[in-house]
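*Asks:* Sequence and computational prediction follow.
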Amino acid sequence: MRVTVLGAGVVGLTAALELAERGARVRVVERAAHLGEAACSWCAGGMLAPWCEGESAPAEVVELGGLAREWWARRVPGVAQNGTLVVAASRDSGEIERFAARTLHHERVDEARIGAFEPDLAGRFRKGLFFADEGHLDPRAALGALTERLAERGVAVNFGVDGLALPSHAEAVVDCRGFAARDELEELRGVRGEMMILRSNEISLSRPVRFLHPRIPLYIAPRGDGLFMVGATMIESAARGSVTARSAIELLSAAYALHPAFGEAEIVEMRADVRPAFPDNLPRIIRRGTTVYLNGFYRHGFLLSPAFAQRAAAMILPDVEGSDEDHRQRRRA
Ligand SMILES: Cc1cc2nc3c(=O)[nH]c(=O)nc-3n(C[C@H](O)[C@H](O)[C@H](O)COP(=O)(O)OP(=O)(O)OC[C@H]3O[C@@H](n4cnc5c(N)ncnc54)[C@H](O)[C@@H]3O)c2cc1C
């Protein structure tokens, strides 16, 4: 079967790969001139953290997000699987209790254990939580690796092509245009997220650290080579625009509170984008004629796209049982 995927964000690329692995003849068309130019996915932290997300997300996110680490690790290099550390300043230790009460699969850690996990945080926090079964990836590297996996299977990503301007055809279309699909998905709303990338050689972290705060919860994800992604704001707005001064102050203050070395860090990048979300903040697969819409990934594009790509592929190719990649892995196991 021939399938055209619209959009080369994380949702489009995971869907395209899952379909190609099941034998479909796939092409991807992307309106932007190059990878990440206009994709919300380029802003992401890349946390594969279903148990932490359970603090505020429905059980479905935790359950389906559990597939993500393995899916990614089988297909792209550099997926870290060494957990998430959650800390708070002593005056906000109630936040640790609140987070612990709302999440599962964590271990309580004291000052010594926090220092053992992250030596540069030694002596800075008395209490925390460690979520061992979580991981993270560099989203930009992962998107690049997905396009390489697709190319190996003969799937081209055609940049600078507006998928809506293609001549209509009988083949299946998987619409993964993210927030741009609001023209056809009326319930879709935008949730603005702002992030920055800092560079510091004064501090090193080996896993994402969530810093709880009653007003400004923040996370810092290490990207290697002294780079750290600091995120992220959550604002009910569909405005892309630049990062505001208020948000920059909040992100930087929280980074500084996590470790004063971030006060001397170089600001490499600040960027904002719009997370596509449905009212219940859960992704949806919507079928209309020959088009399947895959959208509404909110703050879980990297976490949930594997599970939803599998579901969409099973819907489009009902006679194919699983991907050849999955079969290969099962045979090896
Ligand atoms: C600051 C921030 C941090 C985040 N952190 C995480 C995280 O740690 N973990 C996680 O799982 N998620 C995270 N997210 C959420 C995640 O980034 C989104 O859920 C995800 O990017 C949505 O992906 P998408 O492919 O639907 O949309 P997009 O990434 O926006 O991709 C849509 C693509 O479609 C293209 N397009 C639009 N119109 C057309 C057209 N007519 N024809 C062809 N192409 C078109 C666009 O150019 C774009 O490239 C974060 C989001 C933000 C903003």
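*Replies:* In hand now; what should we look at?

*Asks:* So which residues of this protein form helices?
*Replies:* Residue ranges of the helices in the chain, as given by DSSP state H, are 10-21, 50-53, 59-65, 68-75, 93-102, 111-117, 139-152, 245-258, 301-316, 324-332.

*Asks:* With respect to burial, which of the ones you listed scores highest?
*Replies:* Mean neighbour count, computed with mean count of other C-beta atoms under 10 Å, is highest for helix 10-21 among these, reaching a mean of 28. Bear in mind the C-beta positions are built from the backbone N, C-alpha and C, glycine included.

*Asks:* Any figure for the gap between Arg102 and the ligand?
*Replies:* Distance of Arg102 to the ligand, given as C-beta to the nearest ligand atom, to the nearest Å: 19 Å.

*Asks:* Kindly report the same for Gly154.
*Replies:* Gly154 sits 20 Å away from the ligand, going by C-beta to the nearest ligand atom.

*Asks:* contacting residues around that residue?
*Replies:* When contacts are counted by C-beta atoms under 8 Å, 6 or more residues apart in numbering, Gly154 touches Ala20.

*Asks:* re earlier: output the helices of the chain as JSON lines; include the columns mean pLDDT.
*Replies:* Formatted as JSON lines, the helices of the chain follow (pLDDT from 0 to 100):
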{"stretch": "helix 10-21", "mean pLDDT": "98"}
{"stretch": "helix 50-53", "mean pLDDT": "98"}
{"stretch": "helix 59-65", "mean pLDDT": "97"}
{"stretch": "helix 68-75", "mean pLDDT": "97"}
{"stretch": "helix 93-102", "mean pLDDT": "96"}
{"stretch": "helix 111-117", "mean pLDDT": "98"}
{"stretch": "helix 139-152", "mean pLDDT": "98"}
{"stretch": "helix 245-258", "mean pLDDT": "95"}
{"stretch": "helix 301-316", "mean pLDDT": "97"}
{"stretch": "helix 324-332", "mean pLDDT": "78"}
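
*Asks:* Format those as a markdown table; extra columns: distance to Val230.
*Replies:* Putting those into a markdown table (distance: least, C-beta to C-beta, whole Å) gives the following:
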| stretch | distance to Val230 |
| --- | --- |
| helix 10-21 | 20 |
| helix 50-53 | 16 |
| helix 59-65 | 22 |
| helix 68-75 | 22 |
| helix 93-102 | 18 |
| helix 111-117 | 19 |
| helix 139-152 | 14 |
| helix 245-258 | 5 |
| helix 301-316 | 17 |
| helix 324-332 | 34 |
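
*Asks:* do you know which of these lies nearest Ala277?
*Replies:* helix 301-316 (10.7 Å; C-beta to C-beta).

*Asks:* so what does the closest one touch, helix or strand wise?
*Replies:* Applying 3 or more C-beta pairs under 8 Å, 6 or more residues apart in numbering; DSSP states H and E, we find helix 301-316 packed against helix 10-21, strand 47-48, helix 59-65, helix 68-75, strand 172-175, strand 284-288, strand 291-295.
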